[in-house]
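Asker: Provided below for reference: sequence and predicted model.
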Amino acid sequence: MGEKARALVDDLFRRQSGRLVAALVRLLGPSNLALAEDVVQDALLAAMQAWRFEPPSDPTAWILQTAKHRAIDRLRRQGRGERLAGQAVAEMPTHAFDSALADAEDAANQLAMMFAICDDSLGQETQVTLILRLLCGLSPGEIAGAFLVDTQTIDRRLHRGRARLRERGELTDVTDVAELRARKLAVMQALYLLFNEGFHGSDPESPMHPAMCSEAIRLGELLLSSEATRGADVEALVAMFCLHAARLPARLDAEGAFVPLADQDRARWDRSLIERGLRHLGASAADAELTRWHLEAGVAAEHALAPSFAATNWARIVALYDQLEVRAGSPIVALGRALAIAQLRGNDAGREALLPLASDEKLTRYHPYWAARAEIERRAGRPELACLHYRKAIALCHSEAEQLAYGRRLRAAEQDSSQS
Amino acid sequence: MSTTEMQAHVNKWYAWSDALLAKGHPLQGQPLEDHGRTIRGKDRIITDGPYAETKDLVTGAMAITASSLDEAVELARECPVFELGGSVEVRPVAEHER
């Protein structure tokens, strides 16, 4: 299979699998969740086989048709001897499938399913995990990376969540406004992690998936289009997506290695996305609640508006991080804050903020933490320490793009160290 | 959108957020929903995130200077990524238009 066809299948599958599973589960009920996932998986495998030489002219329609035939097939076989017998299953599903799968093209359907599977009895982490796996097409490994836990933890969570969904006979649309608001946080959290995976996630093949970033923006704007789910917090979330996504065209060099922020060609940042982000940012300035999404959007806006790396308003960024630390503190937030402090107050202040974070177990397995420690030491003229930390970052990172980037930095630090 | 319009959106946001911060807004994290659902404040979810400081600042690559491709290959041979089962690709950097 050619590189191009493989990329097409990967991209299509990620985009379509969530919608297909959503449409099928809606039609067949959550008790048939496993069947829905199976036929979608089958359709992907069939596509990889069938598209070896040339992809069809309409790949989406091809996948939809294949998934449909397989689902009907499975249901007929199942229906023959079991509870569905006598219901003329063989005839019944065809029309139902056509209309359900036509809906699968519709992102509103996918969004409705996100709310529907946020079962009250499940913790928010499990709700978010189910959304990412079933409706956004992330692998258990990618979800584990997003939550900074191991894959087994995610497998257990998915098992528990699936069991709960199976127990529920019917999955109905959530229409109650209070219920929608209560579930909105889990949906926003899932969109945030979908965006994160697209922006710079843990897929070893390719750490950037711009299609996932666009998907997160689209679903976020869809939340804004409905009276019941819109809000200043969603405006802030979408503003942050747009302002970060604007940098995507400048983040990788011709060799596929990450370009550091300081070296990115700002002329290649997507100006229309920055404008879109700023419109959402303006709209987010409402109500009396400054949420973590507002603060993160504020940081993203500072970068998007800075004429150069040197002219970045680090004082404001540190102030926003200080607030973020209070409202939604986490080791990951503390790491970003420490790096901003290093820019504002120098390497010693940065190191002082970074050192205590080494006691956090999650952070010690997070390669950007070691890259941050290395970067501070390199700038401070301690190349031996920088080398030590870069080796840790290399041992922990996931993708070739990261290995390539850290390898080059390590090489430079080693040269410095041999000259000193 | 003109620069002035862009700035207007940002200024509106600055004014709004500064006012909230100056008021000493209570720092309790998420507000309680008005319909009485209990929100478990303690089990704060820790996740990765797309932070520019972390993802764009320190994970980038550096260019190394070598007089020839052969010399670059020699330099790359010493990369400790090999000890960890990794691989290194050596390619000349294309001149970018600026």
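Answerer: It's in. No experiment lies behind these values; they were computed from the predicted model shown. Numbering: from 1, shown residues only, chains lettered A, B, ... in the order given.

Asker: I'd say residue B:54 and residue A:339 touch.
Answerer: Yes - if you go by C-beta atoms under 8 Å, residue B:54 and residue A:339 touch, sitting 6.6 Å apart. Every C-beta, even on glycine, is put in place using the N, C-alpha and C of the backbone.

Asker: With neighbour numbers in mind, choose between the two.
Answerer: residue A:339 (28 against 25; other C-beta atoms under 10 Å in any protein chain shown).

Asker: so what sits against both of residue B:54 and residue A:339?
Answerer: Common neighbours of residue B:54 and residue A:339, counting by C-beta atoms under 8 Å, 6 or more residues apart in numbering or on different chains, are residue A:372.

Asker: burial measure for the residue in chain A that chain B sits nearest to, as a count.
Answerer: Proximity of chain A to chain B (C-beta to the nearest C-beta) peaks at residue A:260, 2.9 Å away. Counted with other C-beta under 10 Å, the neighbours of residue A:260 add up to 19.

Asker: Run through the stretch 151-300 of chain A and note the low-pLDDT ranges.
Answerer: Scanning the stretch 151-300 of chain A for pLDDT under 70 picks out A:169-171.

Asker: now the helices: where do they sit in it?
Answerer: All helices of the stretch 151-300 of chain A, identified by DSSP state H, counting those that start in this stretch, fall at A:151-167, A:177-200, A:210-224, A:232-245, A:271-284, A:292-305.

Asker: so, in contact with chain B or not, the third one?
Answerer: No - looking at helix A:210-224 against chain B by C-beta under 8 Å from any C-beta of the partner chain, there are no contacts, and the closest approach is 8.8 Å.

Asker: relative orientation of that helix and helix A:232-245 in degrees?
Answerer: 160 degrees (axes from the mean of the first three to the mean of the last three C-alpha atoms, to 10 degrees).

Asker: Can you tell me which helices and strands helix A:210-224 packs against?
Answerer: helix A:3-28, helix A:107-116, helix A:177-200, helix A:232-245 (3 or more C-beta pairs under 8 Å, 6 or more residues apart in numbering or on different chains; DSSP states H and E).

Asker: That helix: how far from the chain's middle?
Answerer: 10 Å (C-alpha atoms, centre = their mean, to the nearest Å).

Asker: what does stretch A:238-257 give?
Answerer: 14 Å.

Asker: now do the same end-to-end measure for it.
Answerer: 27 Å (C-alpha to C-alpha, to the nearest Å).

Asker: Any residue of it touching chain B?
Answerer: Yes - using C-beta under 8 Å from any C-beta, we find that stretch A:238-257 touches chain B at A:244, A:247, A:251, A:253, A:254, A:255, A:257.

Asker: top of those by neighbour count?
Answerer: residue A:244 (30 neighbours).

Asker: how about low-confidence regions in chain B?
Answerer: In chain B, residues with pLDDT under 70: B:24-43, B:60-67, B:72, B:75-98.

Asker: which residues are contacting the longest helix belonging to it?
Answerer: Ranked by residue count under DSSP state H, the longest helix found in chain B is helix B:3-22. Contacts to helix B:3-22, defined as C-beta under 8 Å, 6+ apart, come from residues A:274-275, A:278-279, A:281-282, A:284-286, A:288, A:290, A:294, A:298, A:301, A:305, A:323.

Asker: run the last query once more with 7 Å
Answerer: If you take C-beta atoms under 7 Å, 6 or more residues apart in numbering or on different chains as the criterion, helix B:3-22 is touched by A:275, A:278-279, A:281-282, A:284-285, A:288, A:290, A:294, A:298, A:301, A:305, A:323.

Asker: hmm, which of those residues are the buried ones?
Answerer: The neighbour count (16 or more other C-beta atoms under 10 Å in any protein chain shown) marks A:275, A:278-279, A:281-282, A:284-285, A:290, A:294, A:298, A:301, A:305, A:323 as buried among those.

Asker: how about a markdown table for those residues, with distance to chain B added?
Answerer: Putting the buried ones among the contacts of helix B:3-22 into a markdown table (distance: C-beta to the nearest C-beta, whole Å) gives the following:
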| residue | distance to chain B |
| --- | --- |
| A:275 | 4 |
| A:278 | 4 |
| A:279 | 6 |
| A:281 | 5 |
| A:282 | 3 |
| A:284 | 7 |
| A:285 | 4 |
| A:290 | 5 |
| A:294 | 7 |
| A:298 | 7 |
| A:301 | 6 |
| A:305 | 7 |
| A:323 | 7 |
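
Asker: out of those, which one sits closest to residue A:265?
Answerer: Distance to residue A:265 across the buried ones among the contacts of helix B:3-22 (C-beta to C-beta) is lowest for residue A:305, with 16.3 Å.

Asker: Identify the residue nearest that closest one in space, chain neighbours excluded?
Answerer: residue B:10 (6.6 Å; C-beta to C-beta, 6 or more residues apart in numbering or on different chains).
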